[in-house]
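K.L.:
After the sequence you'll find the predicted model.
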Amino acid sequence: MKDLTDWLSEGEATASQGYLTSAGGPLHRPSRQWYGQVMPGSWAPNIDSDGVDGKLGGVVAIRAHDPAFDENVFLAQVQRLFFAVIEAWSALKPALSQGVMASLIWEEQKAQISSYRERGWRNVLTKLTFTSAVVAGALSDSGFDTITVRINANSADYDVDADRNVIRGDTQPWDWTEDWIFQRPLTAQTGRPGTITSQTCPNCGAAVNVDITSICPFCDAAVISGKFGWLLTRIDRV
Ligand SMILES: [Zn+2]
């Protein structure tokens, strides 16, 4: 896995060269430039460095203080959050992802959305498919529960200007993998389903009945209740 900091500066350096190409065809880097960072004093566990035992130990440590935590239920929620975060970005509507992202990465996303809005640009992720996701790291330490979710997805990724001309990226879909890191305070517990509350949809303003997460029946936006507890803090392209 590439070091994120190097990758970031590398991306910035090549972005000024316009359309990203290499001898083997377009370089498949996302247009997205919001990566965030993990909570101060914590780190992102990863099966590549910690091994399977490290991951299993992390899940056991999380379940020790939160017996209701279930990997599969968690991954199903992450799939919803994934689409909310991507939808916020490609529709240029930061409100859609505010309840899902930690403040730093959300501010980064919001800033890039603003700059795209000013230029009349949009990022297009044609035929986005969520192929699979696994827990690729887990840790309960330094005041936080941290889970690294390895997401395999497929999409094109390109930017268009106000006249819908493609200005960078690749219009052909390809497979890509990212680690999405979710964190919550050590004191948090998995929300118990059962109590439905009425919340305002961040996209259309309708009142939506939400348990832990829900989809707005009027506009399909993700609506998150405080019961989910986990926030996306960092994204690493793998
Ligand atoms: Zn709605």
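P.N.:
Yep, that arrived. Numbers count the residues shown, from 1 in each chain.

K.L.:
Run through the chain and note the low-pLDDT ranges.
P.N.:
Scanning the chain for pLDDT under 70 picks out the ranges 1-27.

K.L.:
The same query, at a cut-off of 50, please.
P.N.:
1-24 (pLDDT under 50).

K.L.:
Which secondary structure element is home to Arg80?
P.N.:
helix 71-90 (DSSP states H and E).

K.L.:
Which strands or helices does that helix pack on?
P.N.:
Secondary-structure packing of helix 71-90 (3 or more Cβ pairs under 8 Å, 6 or more residues apart in numbering; DSSP states H and E): helix 103-119, strand 122-124, strand 129-141, strand 144-160, strand 166-185, strand 213-215, strand 222-224. (C-beta placed from N, C-alpha, C; glycine too.)

K.L.:
Among those, which comes closest to Arg192?
P.N.:
Checking the helices and strands packed on helix 71-90 against Arg192 by Cβ to Cβ gives strand 213-215 as the closest, at 13.8 Å.

K.L.:
Provide the strand pairings for that closest one, with the direction of each partner.
P.N.:
If you go by DSSP bridges, strand 213-215 pairs up with strand 222-224 (antiparallel).

K.L.:
hmm, who's touching the strand it pairs with?
P.N.:
Residues from elsewhere that reach strand 222-224 (Cβ atoms under 8 Å, 6 or more residues apart in numbering): 80-81, 83-84, 87, 96, 99-100, 199, 201-202, 208, 210, 213-216.

K.L.:
can you narrow those residues to ones near the ion?
P.N.:
201, 216 (Cβ under 5 Å from the ion).

K.L.:
Can you give me every residue that contacts the residue nearest to Arg122 when sequence neighbours are not counted?
P.N.:
Nearest residue to Arg122 in three dimensions, chain neighbours excluded: Val160, at 5.5 Å (Cβ to Cβ, 6 or more residues apart in numbering). Residues near Val160 by Cβ under 8 Å, 6+ apart: 121-122, 124, 166-167.

K.L.:
which among those end up buried?
P.N.:
121-122, 124 (16 or more other Cβ atoms under 10 Å).

K.L.:
Among the residues you listed, which one lies nearest to the ion?
P.N.:
The nearest member of these to the ion, counting by Cβ to the ion, is Arg122 at 20.6 Å.

K.L.:
you'd agree that closest one is up against Gln112?
P.N.:
No: the criterion here is Cβ atoms under 8 Å, and Arg122 misses it with Gln112 at 11.6 Å.

K.L.:
Okay, and Val52 sits in which element?
P.N.:
Using DSSP H and E, Val52 falls in helix 47-65.

K.L.:
and the angle from that helix to strand 144-160?
P.N.:
130 degrees (axes from the mean of the first three to the mean of the last three Cα atoms, to 10 degrees).
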